[in-house]
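[1] The following comprises the amino acid sequence and a computationally predicted model.
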Amino acid sequence: MLPYVSRRLLALIPTLFFASLIVFVTVRLIPGNVIDLMLSQNDIAVGKDRAQLEAALGLDRPMYSQYARWAGAALRGDLGRSLWQNTPVTTQLLERLPVTFELGLLALIVALCVALPIGVYSAIRQDSAGDYLTRSFSILMLAVPSFWPGTLVMVFPSIWWGGRPSSATSHSVWSPSRASAR
């Protein structure tokens with residue numbers, strides 16, 4: 001068991017390296033530029049010109065140098081500063097961690113509440129029409145992108161009961177609309 005876990009942990013290193021490299025390069029190759037956005041929309045960039053911002057962010061360096069600098073800082077636990085709020089990214093991630101865990105736990109509970117009855121039914125009625133139907137449903141649900149049912153869960157209550165999704169972090173994802181009070 002220990003050799004297996006060791007191999008899996010060692011395989012994590014190149015996986016994380018290549019995933020970070022792909023994301024880093026992709027963000028730099030997509031159309032648009034963070035400098036243009038900062039100059040047009042952000043108070044941090046007021047009074048600065050393009051060359052100053054590129055130098056301050058290290059975007060005047062070659063891409064391999066930018067990646068090496070970012071990866072070295074990330075390995076030390078420094079993920080940089082938010083360009084929009086000028087606060088450490090690590091602090092922002094830690095602030096959002098409880099909500100992320102809560103959503104993950106709720107998703108796990110919902111998945112188990114759906115998967116366990118389907119699995120038990122399929123095991124009891126193996127190779128029946130119901131078994132084929134439940135297996136097909138399970139495969140279909142695996143193929144659906146997770147954001148789609150999440151969006152439906154947010155939109156349908158708005159349509160059916162006149163509510164709106166809450167923009168604040170709270171225990172209630174859905175709150176009554178104030179639009180009808182206007």
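    Looks like it arrived, so ask away. Residues are numbered from 1 along each chain as shown.
[2] going forward, measure contacts between C-alpha atoms and count neighbours the same way
    OK.
[3] Low-confidence ranges, the chain, go.
    41-48, 165-182 (pLDDT under 70).
[4] so where do the strands sit in it?
    163-165, 174-176 (DSSP state E).
[5] From Gly150, how far off is Pro157?
    To Gly150, Pro157 is 12 Å away according to CA to CA, to the nearest Å.
[6] Who has more neighbours out of these two?
    Pro157 (16 against 10; other CA atoms under 10 Å).
[7] The closest residue to the more buried one other than its chain neighbours and Met1: what is the separation?
    The shortest distance from Pro157 to any non-neighbouring residue, by CA to CA, 6 or more residues apart in numbering, is to Gly163 (6.2 Å). Per CA to CA, Gly163 is found 52 Å from Met1.
[8] Could you check which of the two has the larger neighbour count?
    Taking other CA under 10 Å, Gly163 and Met1 do not tie; Gly163 has more neighbours (19 against 5).
[9] tally of neighbours for Asp131?
    19.
[10] Report the contact partners of it.
    121-123, 125 (CA atoms under 8 Å, 6 or more residues apart in numbering).
[11] List just the nearest of those to Val5.
    Ala123 (30.8 Å; CA to CA).
[12] How many residues are close by the closest one?
    Neighbours of Ala123 using other CA under 10 Å come to 11.
[13] ok, it to Met141 distance?
    For Ala123, the distance to Met141 - CA to CA - is 19 Å.
[14] Gly130 touches Val120, doesn't it?
    No - between Gly130 and Val120 there is no contact under CA atoms under 8 Å: 11.7 Å.
[15] which helices and strands sit right next to the helix ranked longest in the chain?
    For the chain, the helix reaching the highest residue count under DSSP state H is reported as helix 89-124. When contacts are defined as 3 or more CA pairs under 8 Å, 6 or more residues apart in numbering; DSSP states H and E, helix 89-124 sits against helix 129-143.
[16] Tell me the buried residues in the helix it packs on?
    131, 134 (16 or more other CA atoms under 10 Å).
[17] Take the contacts of Asp131 and write them to TSV, including distance to Glu102.
    Listed next are the contacts of Asp131 as TSV, based on distance: CA to CA, whole Å:
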residue	distance to Glu102
Tyr121	29
Ser122	30
Ala123	31
Arg125	35
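[18] Just the buried residues from those residues, in ChimeraX please.
    Buried members of the contacts of Asp131 can be picked out in ChimeraX with the line below, counting by 16+ other CA under 10 Å:
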select :122
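[19] chain center to stretch 128-143, what's the gap?
    Offset of stretch 128-143 from its chain centre (CA atoms, centre = their mean, to the nearest Å): 28 Å.
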